[in-house]
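> Just a sequence and a predicted model for now, questions to come.
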Amino acid sequence: MKRRAFLKILSGAACVLMLPAPVRAKKLLASPVRRNRLRPPGAVPEEIFAGKCIRCGRCVEVCPYKSIIPLDIRSGVYAGTPLVFAEDVPCYLCMKCVLVCPTGTLQKISQEQTRMGLAVVNKHQCYSWQEITLCRTCYDVCPFKNKAIILEELRPIVMDDHCTGCGICTHACPFTADNGDKAINIEPLFASATVKW
Amino acid sequence: MVSTAKCRVITQAVEYEREMVEKEKTFPRQHIRRWRLLVQAGAFLLLIITPLVNYYLHIHFVQGWYQSLGIGKLWFVSPLEGLESLLVAKIIYLPLLIGMVVPVLVAFFLGRVFCGWICPVHFLSDMSDRLIHLFARKKRRKDRLLLPRQIFWFVLVADIFIAMVLGAPLFVIFSPPGLIGREIMRAVFFHTLALEGLIVVAVLIANLVTSRFFCRYFCPLGALLALIGGKRRLRIHHDQDTCTECGLCQRSCPLGLNPALKEGASLYCWNCGECVEVCGPGALCLRWETRSQGQRGE
């Protein structure tokens, strides 16, 4: 009887623990790529990223700016995959990680062809667009100045055919919203396989 | 016509020569444990030194750990990780295949030597075994839970199957040898540890139940290497005539195999040479077998 009671308690506890399981399971399979959370340069589409990456961490070790951070178990099946937190440390496009990836998850690509995402100016929050100050920080720090970000009437505009989505502008932007967003954010538009990359 | 006496001399000479050749092909028995510890410690030190050098000195000559190790332009990719990546992504990437060549060749000729001589899990288990041996009152530990060894193959197939269904390479995420490297790197680079490191702790604790419980039954990488090394050249050779059937070899085997029953030549043996070291009469040796010898042995 004692054993039976123990088993009952055990299975009951397991059932209670499993209740939110579908929700949690869905979360564990969800990609961590979203606004300002980017894959390193040359990444394959997000659909096969988790399958192709073998979590060897060589891109993390080789990154001189410590931009690339390996995820942990809280990201579910994406545990161990590399991610760039654009507003903390952006990618400076040194292109070292693409040279060491053994699986081709990060493919060899030039600086100009890199598309980690696309910078999008939030015109409701940008100081220049709101005409609060003459801020042109994003324009100044952009590695493809006058190509990827241009100034029109002293207001920054992103040109999508040159923006690499490196996130240097996001990192430099002086405005920070309550949820951590900046006035210029990187949207990972090209992470999906539906977009030709 | 050759006389019978002369014939005998010739056959003796031939036999003597064959013996000498066989002797040359056996590896020295002495200090095999010491050599193994040296290799294991070196392999483990590499895991610690690499991130330190990368982080503090910015010399990126060596990167990675035993999932993929890059030394300059030379790449090694662990066979199971590479296989899962290929199967899940369904795209053939040549550098990945080339990176797998050396580990596969090593496994093909030498068997599971990665497990026995390099793998950090085995090294940590070895170290914890020694620690326990120092303080334990009962010196001899028994394997409390024995499972059929065929589980090994089942785990390998299940691992690949589940990885393909999920679309995420399971062993890549949770492989204990990889996790040790990842945790050390995380500790050096980000000064934290991740929760999944508990898997390594669990694997080490499972050693208390049965020696190398994980390595023995549940490591898919070990299973794949064993499978590749099915026709390996380097085997534990057992000499029936010199064996006194003392049972020391079986007691010393971390995998619980019995080399006296020629289990040292089976798929499961990882050629660590522990049994060779303890064998008093010298009935066991690590031997490089040519094909004909292997057939004769069987």
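On my side now, so go ahead. Numbering: from 1, shown residues only, chains lettered A, B, ... in the order given.

> CA atoms for contacts and neighbours, from now on please.
Will do.

> Distance of the residue nearest in space to the middle of chain B relative to residue B:90?
The centroid of chain B falls nearest to residue B:115 when counting by CA atoms, centre = their mean (2.5 Å). For residue B:115, the distance to residue B:90 equals 28 Å [CA to CA, to the nearest Å].

> Also residue A:142?
37 Å.

> Would you mind telling me which of these two has the busier surroundings?
residue A:142 (21 against 13; other CA atoms under 10 Å in any protein chain shown).

> hang on, the earlier thing: need the contact list for the residue nearest to the centre of chain B.
Contact analysis of residue B:115 by CA atoms under 8 Å, 6 or more residues apart in numbering or on different chains lists B:122, B:222, B:270.

> Next one: the residue lying closest to residue B:194 once chain neighbours are set aside, what pLDDT does it get?
Leaving aside its sequence neighbours, residue B:194 sits nearest to residue A:72 (CA to CA, 6 or more residues apart in numbering or on different chains; 5.9 Å). At residue A:72, the model reports a pLDDT of 87.

> can I assume residue A:72 is in contact with residue B:196?
Yes - assessed by CA atoms under 8 Å, residue A:72 is found in contact with residue B:196 at 7.4 Å.

> Can you get me a residue count around the residue in the stretch 101-250 of chain B positioned nearest to chain A?
Of the residues in the stretch 101-250 of chain B, the one nearest chain A is residue B:168, at a distance of 4.4 Å by CA to the nearest CA. As a burial measure, residue B:168 scores 27 neighbours (other CA under 10 Å).

> go on, the one 10 residues further on?
Here the count is done by other CA under 10 Å, and residue B:178 has 27 residues near it.

> and it, what is it in contact with?
A:56, B:65, B:66, B:67, B:172.

> Counting neighbours, which of those comes out on top?
The residue in the contacts of residue B:178 with the most neighbours, by other CA under 10 Å, is residue A:56 (32 neighbours).

> okay, that residue: pLDDT?
90.

> tell me the phi and psi of it?
phi -80, psi -10 (degrees, to the nearest 10).

> so what's residue A:116 up against?
A:38, A:39, A:40, A:41, A:42, A:43, A:164, A:165, A:166, A:188, A:190, A:191.

> swap the cut-off to 10 Å and go again
Residues in contact with residue A:116 (CA atoms under 10 Å, 6 or more residues apart in numbering or on different chains) are A:36-43, A:84, A:91, A:163-167, A:186-191, A:197.

> So among these, which ones count as buried?
Neighbour counting by 16 or more other CA atoms under 10 Å in any protein chain shown classes A:36-43, A:84, A:91, A:163-167, A:186-191 among the contacts of residue A:116 as buried.

> what does chain A have sitting close to chain B?
Residues of chain A lying near chain B by CA under 10 Å from any CA of the partner chain: A:29, A:47-64, A:66, A:69-74, A:76-81, A:96, A:99-105.

> So which of those residues sit within strands?
Among those, DSSP state E puts A:69, A:70 in strands.

> could you flag which of the residues of chain A next to chain B are buried?
Listed as buried from the residues of chain A next to chain B are A:29, A:48-64, A:66, A:69-73, A:76-81, A:99-105; burial here means 16+ other CA under 10 Å.

> Give me the pLDDT for residue 44.
As the question left the chain open, I've gone with chain A. On the pLDDT scale, residue A:44 is placed at 90.

> right idea, wrong chain: chain B
pLDDT, residue B:44: 94.

> Help me confirm that it comes into contact with residue B:127.
No - if you go by CA atoms under 10 Å, residue B:44 and residue B:127 don't touch, sitting 11.6 Å apart.

> ok, how many other residues are close to residue A:111?
Using other CA under 10 Å, residue A:111 is surrounded by 16 other residues.

> for it, what are its contacts?
For residue A:111, the contact set (CA under 10 Å, 6+ apart) comprises A:41, A:42, A:92, A:93, A:94, A:95, A:143, A:164, A:166.

> Could you report the distance from it to residue A:172?
20 Å.

> Next, show the common contact partners of residue A:72 and residue B:196.
Each of A:79, A:80, B:173 lies in contact with both residue A:72 and residue B:196 under the rule CA under 10 Å, 6+ apart.

> got a list of what residue B:170 touches?
A:51, A:54, A:77, B:81, B:84, B:159, B:160, B:161, B:162, B:163, B:164 are the contacts of residue B:170 under CA under 10 Å, 6+ apart.

> Which ones among the contacts of residue B:115 also lie next to chain A?
For chain A, no contacts are drawn from the contacts of residue B:115 by CA under 10 Å from any CA.

> Sort out for me which of these are in helices.
Secondary structure from DSSP state H places B:122, B:222 of the contacts of residue B:115 in helices.

> Which PyMOL command selects the buried ones in the contacts of residue B:115?
Selection of buried members from the contacts of residue B:115 for PyMOL, criterion 16+ other CA under 10 Å:
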select buried, chain B and resi 122+222+270
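
> Switch the contacts of residue B:115 over to a markdown table; also include pLDDT.
Below are the contacts of residue B:115 laid out as a markdown table (pLDDT from 0 to 100):
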| residue | pLDDT |
| --- | --- |
| B:122 | 93 |
| B:222 | 92 |
| B:270 | 90 |
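
> now the contacts of residue B:115 in CSV, with distance to residue B:261?
Formatted as CSV, these follow (distance: CA to CA, whole Å):
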residue, distance to residue B:261
B:122, 24
B:222, 22
B:270, 16
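
> could you point out which element follows the helix or strand where residue A:119 lies?
In the assignment (DSSP states H and E), residue A:119 maps to strand A:118-121. Toward the C-terminus, strand A:118-121 is succeeded by helix A:137-141 as the next helix or strand (DSSP H and E).

> Counting by contacts, list what that following helix packs against.
strand A:149-152, strand A:155-158, helix A:168-172 (3 or more CA pairs under 10 Å, 6 or more residues apart in numbering or on different chains; DSSP states H and E).

> where does chain A have low pLDDT?
Along chain A, segments meeting pLDDT under 70 span A:1, A:18-24, A:193-197.

> tell me, which helix in it spans the most residues?
Under DSSP H, chain A gives helix A:2-18 as its longest helix.

> Which strands or helices does that one pack on?
The elements that helix A:2-18 packs onto, with contact taken as 3+ CA pairs under 10 Å, 6+ apart, do not include any helix or strand.

> Might one say that residue B:198 is in contact with residue B:175?
No - using CA under 10 Å, residue B:198 is not in contact with residue B:175; the gap is 11.7 Å.

> what stretches of chain B score poorly on pLDDT?
In chain B, residues with pLDDT under 70: B:1-29, B:139-140, B:291-298.

> Let me see the ranges of the strands in it.
With DSSP E as the criterion, chain B has strands spanning B:62-65, B:68-71, B:74-77, B:234-238, B:284-288.

> Give the buried residues for the third one.
Meaning strand B:74-77. By neighbour count with 16+ other CA under 10 Å, strand B:74-77 contains the buried residues B:75, B:76, B:77.

> could you dump it to PDB, C-alpha only?
Extracted C-alpha coordinates of strand B:74-77, given in PDB (Å, rounded to 0.1, in the frame of the first residue of the first chain):
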ATOM      1  CA  LEU B  74      42.400  22.200 -39.600                       C
ATOM      2  CA  TRP B  75      38.900  21.300 -38.600                       C
ATOM      3  CA  PHE B  76      37.600  18.300 -36.700                       C
ATOM      4  CA  VAL B  77      33.900  17.700 -36.500                       C
END
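
> Any part of that strand near chain A?
Yes - with CA under 10 Å from any CA as the criterion, chain A is reached by strand B:74-77 at B:75, B:76, B:77.
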